[in-house]
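>>> With the sequence up front, the predicted model follows.
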Amino acid sequence: MEIFTLLVIIFLILLIPTAYAGLIGAPYAPTFTPAIEQAFDYIKLGQKDTLIDLGAGDGRVLLAAARRGAASLGYELSPIMWAVVLLRTLGNKKIKIKLRNFYKQSLPNATVIFAFLMPKHMGKVRHFLSRQSLSHSKYLLIYAFPLPPDTKPLHIVRAAKCAPLYIYDLKMLTKPV
(Lines give C-alpha, C1' and ligand atoms only; values in the text may rest on other atoms or scores of the structure.)
Protein backbone atom coordinates (compact mmCIF):
# COMPACT_ATOMS: atom_id res chain seq x y z
CA MET A 1 0.00 0.00 0.00
CA GLU A 2 2.85 2.42 0.75
CA ILE A 3 4.34 2.00 -2.74
CA PHE A 4 0.98 2.72 -4.33
CA THR A 5 0.61 5.89 -2.23
CA LEU A 6 4.12 6.98 -3.14
CA LEU A 7 3.41 6.42 -6.85
CA VAL A 8 0.20 8.45 -6.62
CA ILE A 9 2.06 11.29 -4.91
CA ILE A 10 4.81 11.26 -7.55
CA PHE A 11 2.19 11.20 -10.31
CA LEU A 12 0.39 14.21 -8.79
CA ILE A 13 3.67 16.10 -8.36
CA LEU A 14 4.32 15.65 -12.08
CA LEU A 15 0.72 16.19 -13.17
CA ILE A 16 0.15 19.54 -11.45
CA PRO A 17 2.91 21.44 -13.31
CA THR A 18 1.91 19.68 -16.53
CA ALA A 19 -1.68 20.88 -16.11
CA TYR A 20 -0.39 24.37 -15.29
CA ALA A 21 1.71 24.33 -18.48
CA GLY A 22 -1.45 23.53 -20.42
CA LEU A 23 -3.27 26.45 -18.82
CA ILE A 24 -0.62 29.13 -19.41
CA GLY A 25 0.56 27.93 -22.82
CA ALA A 26 -0.88 24.83 -24.41
CA PRO A 27 -1.48 21.18 -23.70
CA TYR A 28 0.84 18.88 -25.57
CA ALA A 29 0.01 18.58 -29.26
CA PRO A 30 2.58 17.68 -31.93
CA THR A 31 3.83 20.13 -34.53
CA PHE A 32 3.82 18.32 -37.84
CA THR A 33 7.21 17.92 -39.48
CA PRO A 34 6.29 18.92 -43.06
CA ALA A 35 5.31 22.41 -41.88
CA ILE A 36 8.50 22.71 -39.81
CA GLU A 37 10.70 21.63 -42.71
CA GLN A 38 9.00 23.98 -45.19
CA ALA A 39 9.34 26.90 -42.76
CA PHE A 40 13.01 26.09 -42.17
CA ASP A 41 13.54 25.93 -45.95
CA TYR A 42 11.85 29.33 -46.36
CA ILE A 43 13.99 31.04 -43.71
CA LYS A 44 17.08 29.07 -44.72
CA LEU A 45 17.75 27.85 -41.18
CA GLY A 46 21.35 26.65 -40.85
CA GLN A 47 24.56 26.48 -38.86
CA LYS A 48 24.72 30.21 -38.10
CA ASP A 49 21.29 30.17 -36.47
CA THR A 50 20.08 29.66 -32.93
CA LEU A 51 16.47 28.64 -32.40
CA ILE A 52 14.50 28.99 -29.17
CA ASP A 53 11.33 26.92 -28.73
CA LEU A 54 8.85 28.46 -26.28
CA GLY A 55 7.23 25.28 -25.01
CA ALA A 56 9.34 22.50 -26.45
CA GLY A 57 6.70 19.74 -26.28
CA ASP A 58 8.28 16.50 -27.50
CA GLY A 59 11.38 18.24 -28.90
CA ARG A 60 10.71 17.65 -32.60
CA VAL A 61 11.33 21.33 -33.52
CA LEU A 62 14.62 21.31 -31.59
CA LEU A 63 15.68 18.09 -33.31
CA ALA A 64 14.72 19.41 -36.77
CA ALA A 65 16.77 22.57 -36.14
CA ALA A 66 19.77 20.53 -34.95
CA ARG A 67 19.61 18.36 -38.09
CA ARG A 68 20.16 21.56 -40.08
CA GLY A 69 23.14 22.51 -37.92
CA ALA A 70 21.41 25.19 -35.84
CA ALA A 71 21.88 25.39 -32.10
CA SER A 72 18.59 25.17 -30.24
CA LEU A 73 17.22 25.83 -26.78
CA GLY A 74 13.84 24.70 -25.56
CA TYR A 75 11.83 25.87 -22.58
CA GLU A 76 9.32 23.40 -21.20
CA LEU A 77 7.20 23.76 -18.07
CA SER A 78 5.82 20.22 -17.93
CA PRO A 79 8.28 17.91 -16.14
CA ILE A 80 6.88 14.99 -18.11
CA MET A 81 7.49 16.60 -21.51
CA TRP A 82 10.83 18.02 -20.32
CA ALA A 83 11.94 14.45 -19.52
CA VAL A 84 10.73 13.26 -22.94
CA VAL A 85 12.81 15.97 -24.68
CA LEU A 86 15.80 15.26 -22.46
CA LEU A 87 15.71 11.58 -23.39
CA ARG A 88 15.14 12.27 -27.12
CA THR A 89 18.07 14.69 -27.29
CA LEU A 90 20.63 12.92 -25.09
CA GLY A 91 24.10 13.36 -26.52
CA ASN A 92 23.09 16.06 -28.99
CA LYS A 93 25.41 18.95 -28.20
CA LYS A 94 23.39 21.38 -30.34
CA ILE A 95 20.28 21.09 -28.13
CA LYS A 96 19.63 22.39 -24.62
CA ILE A 97 16.35 21.99 -22.76
CA LYS A 98 15.35 23.94 -19.64
CA LEU A 99 12.54 23.10 -17.23
CA ARG A 100 11.31 26.67 -16.89
CA ASN A 101 8.44 29.04 -17.57
CA PHE A 102 9.71 31.02 -20.58
CA TYR A 103 7.52 34.01 -19.63
CA LYS A 104 9.78 34.51 -16.60
CA GLN A 105 13.03 34.40 -18.61
CA SER A 106 15.18 36.92 -20.34
CA LEU A 107 15.82 35.11 -23.60
CA PRO A 108 19.39 34.61 -24.79
CA ASN A 109 20.21 35.95 -28.22
CA ALA A 110 18.61 33.91 -30.99
CA THR A 111 17.92 34.28 -34.68
CA VAL A 112 14.67 32.29 -34.64
CA ILE A 113 11.94 31.79 -32.05
CA PHE A 114 9.30 29.10 -32.40
CA ALA A 115 5.99 28.78 -30.53
CA PHE A 116 2.91 26.58 -30.68
CA LEU A 117 0.58 27.91 -28.00
CA MET A 118 -3.16 28.37 -27.69
CA PRO A 119 -4.72 31.37 -29.47
CA LYS A 120 -5.72 33.10 -26.23
CA HIS A 121 -2.00 33.41 -25.33
CA MET A 122 -0.73 34.92 -28.58
CA GLY A 123 -1.16 38.52 -27.38
CA LYS A 124 0.81 37.66 -24.25
CA VAL A 125 3.57 36.09 -26.39
CA ARG A 126 3.74 39.26 -28.51
CA HIS A 127 3.99 41.40 -25.35
CA PHE A 128 6.67 39.07 -23.91
CA LEU A 129 8.75 39.34 -27.08
CA SER A 130 8.40 43.13 -27.14
CA ARG A 131 10.37 43.20 -23.86
CA GLN A 132 13.24 41.03 -25.16
CA SER A 133 16.52 42.40 -26.53
CA LEU A 134 17.56 40.08 -29.32
CA SER A 135 20.20 41.76 -31.47
CA HIS A 136 20.49 38.80 -33.87
CA SER A 137 16.77 38.25 -34.26
CA LYS A 138 15.36 37.33 -37.65
CA TYR A 139 12.17 35.27 -37.51
CA LEU A 140 9.33 34.27 -35.25
CA LEU A 141 7.62 31.04 -36.30
CA ILE A 142 4.13 30.43 -34.91
CA TYR A 143 2.37 27.13 -35.56
CA ALA A 144 -1.43 26.94 -35.94
CA PHE A 145 -2.55 30.15 -34.21
CA PRO A 146 -1.27 33.53 -35.46
CA LEU A 147 -0.39 36.61 -33.48
CA PRO A 148 -3.18 39.19 -33.09
CA PRO A 149 -4.55 40.42 -36.45
CA ASP A 150 -2.71 43.76 -36.33
CA THR A 151 0.59 41.86 -36.74
CA LYS A 152 0.99 40.68 -40.33
CA PRO A 153 3.15 37.65 -41.12
CA LEU A 154 5.87 37.77 -43.76
CA HIS A 155 4.78 34.38 -45.05
CA ILE A 156 2.38 31.55 -44.21
CA VAL A 157 3.50 27.95 -44.76
CA ARG A 158 0.65 25.69 -45.81
CA ALA A 159 1.84 22.09 -45.82
CA ALA A 160 -0.52 19.20 -46.58
CA LYS A 161 -2.36 17.85 -43.52
CA CYS A 162 -0.71 20.47 -41.26
CA ALA A 163 -1.95 23.60 -39.56
CA PRO A 164 -0.60 26.84 -41.04
CA LEU A 165 2.79 28.01 -39.82
CA TYR A 166 3.12 31.81 -39.65
CA ILE A 167 6.50 33.47 -40.19
CA TYR A 168 6.98 36.96 -38.71
CA ASP A 169 9.80 39.50 -38.75
CA LEU A 170 11.16 39.07 -35.22
CA LYS A 171 13.07 42.38 -35.27
CA MET A 172 9.75 44.21 -35.61
CA LEU A 173 8.47 42.49 -32.44
CA THR A 174 11.44 42.85 -30.07
CA LYS A 175 12.78 45.98 -28.45
CA PRO A 176 15.71 47.74 -30.13
CA VAL A 177 19.16 46.79 -28.86
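Yep, that arrived. Residues are numbered from 1 along each chain as shown.
>>> From now on I want contacts and neighbour counts done on CA atoms only, so please keep to that.
Will do.
>>> now residue 122, nearest residue through space, not along the chain?
Spatially, and ignoring its direct neighbours in sequence, residue 122 is nearest to residue 147 (5.2 Å; CA to CA, 6 or more residues apart in numbering).
>>> what's the burial count for the one you found?
By other CA atoms under 10 Å, 19 other residues sit near residue 147.
>>> Number the residues from 56 up from this point.
Taking 56 as the first residue, the last one we looked at is residue 202.
>>> List the contacts of it.
174, 177, 178, 181 (CA atoms under 8 Å, 6 or more residues apart in numbering).
>>> Equivalent analysis for residue 118, please.
Residues near residue 118 by CA under 8 Å, 6+ apart: 144, 150.
>>> Same check on residue 152?
So residue 152 contacts 111, 128, 129, 130, 131, 137, 140, 141 (CA under 8 Å, 6+ apart).
>>> Okay, and which of those residues map to helices?
Among the contacts of residue 152, the ones falling in helices (DSSP state H) are 137, 140, 141.
>>> which residues touch the first one?
What that stands for is residue 137. Residues near residue 137 by CA under 8 Å, 6+ apart: 111, 112, 113, 131, 152, 153, 154.
>>> Let me know the closest of these to residue 168.
Nearest to residue 168 among these, counting by CA to CA, is residue 111 at 11.2 Å.
>>> Can you report how many residues neighbour that closest one?
28.
>>> is it true that it touches residue 117?
Yes: in this structure, residue 111 is within contact of residue 117 by CA atoms under 8 Å, at 7.5 Å.
>>> shared neighbours of the two, anything?
Jointly contacting residue 111 and residue 117 under the rule CA under 8 Å, 6+ apart are residue 129.
>>> can you map out the strands along the protein?
In order along the chain, the chain carries the following strands (DSSP state E): 105-109, 126-131, 150-154, 167-170, 194-198, 210-212, 220-224.
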